[in-house]
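*Asks:* Here is a sequence with its predicted model. Questions after.
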Amino acid sequence: MASSTMRRLAGAGTIAGLSALALIANPAIGSAAITGSATVTANAGAGTITTSITGLNTTKPFVKCEGTVYRADATVLDSTTKVGQSFLVTGPTMGAGQVLTNASGVGTSAVFPDGEYQVRTKCKEEGDVAYQDPIAPVRVTVTSTATGGGGLDFGLDGLLDLLSGFGS
């Protein structure tokens with residue numbers, strides 16, 4: 001009977017040891033996820049993208065959140081489909097090193113060429129090896145020129161035509 005008990009204890013120890021090893025190999029297992037919501041918009045006429053995060057909650061000290069822009073046709077969002085540099089999402093309630101409750105922030109990208117893109121909002125807590133994605137990727141269409149509203153927008157050819165009429 002003693003040897004039967006010893007085998008059960010040894011088996012339980014092995015399972016516990018493997019579970020601990022799995023947590024070391026993948027710290028996201030067993031840790032609560034970052035939660036929150038985001039709005040991703042293309043800024044018409046500016047050629048930029050803005051990500052606004054609200055209701056951000058962490059279970060461990062916060063590191064950072066950022067928006068990353070990818071090609072519209074990308075099926076995998078990684079470094080091979082990334083476009084430009086990621087941009088930080090910051091706010092007065094998104095303090096690094098703190099556990100966040102209902103935090104919010106905003107970040108705006110650099111200027112992108114006109115076109116359609118996918119934007120992934122991702123965040124990290126202390127100890128995370130990879131980013132967490134509290135918000136699903138969003139498709140946006142970037143335009144660098146404002147539509148409508150009038151104004152002078154006739155380009156170089158139009159300017160040359162206008163100036164050529166003054167010398168006649």
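*Replies:* Looks like it came in fine.

*Asks:* in this structure, which spans are strands?
*Replies:* Along the chain, the stretches classed as strands by DSSP state E are 35-43, 48-57, 62-71, 87-89, 103-108, 115-125, 138-142.

*Asks:* of all those, which lies closest to Thr81?
*Replies:* Shortest separation from Thr81 across the strands of the chain is recorded for strand 62-71, at 4.7 Å, computed as C-beta to C-beta. C-beta: built from backbone N, CA, C; applies to glycine.

*Asks:* what does that closest one contact?
*Replies:* The contact list for strand 62-71, computed with C-beta atoms under 8 Å, 6 or more residues apart in numbering, reads 40, 49, 51, 53, 56, 77, 81-84, 86-89, 94-100, 103, 105, 107, 109, 112, 117-126, 128, 137.

*Asks:* mind redoing it with 7 Å?
*Replies:* By C-beta atoms under 7 Å, 6 or more residues apart in numbering, the surrounding residues in contact with strand 62-71 are 49, 51, 53, 77, 81-84, 86-89, 94-96, 98, 100, 105, 107, 109, 112, 117-126.

*Asks:* next one: stretch 50-59
*Replies:* In contact with stretch 50-59 (C-beta under 7 Å, 6+ apart) are residues 31-32, 34-41, 43, 65, 67, 89, 94, 99-108, 119, 121, 125.

*Asks:* now swap in stretch 101-109 and tell me
*Replies:* Outside stretch 101-109, the residues that reach it (C-beta under 7 Å, 6+ apart) are 48-57, 65-67, 69, 87-91, 93-94.

*Asks:* try 6 Å this time
*Replies:* Applying C-beta atoms under 6 Å, 6 or more residues apart in numbering, the external contacts of stretch 101-109 come out as 48-57, 67, 87-91, 93-94.
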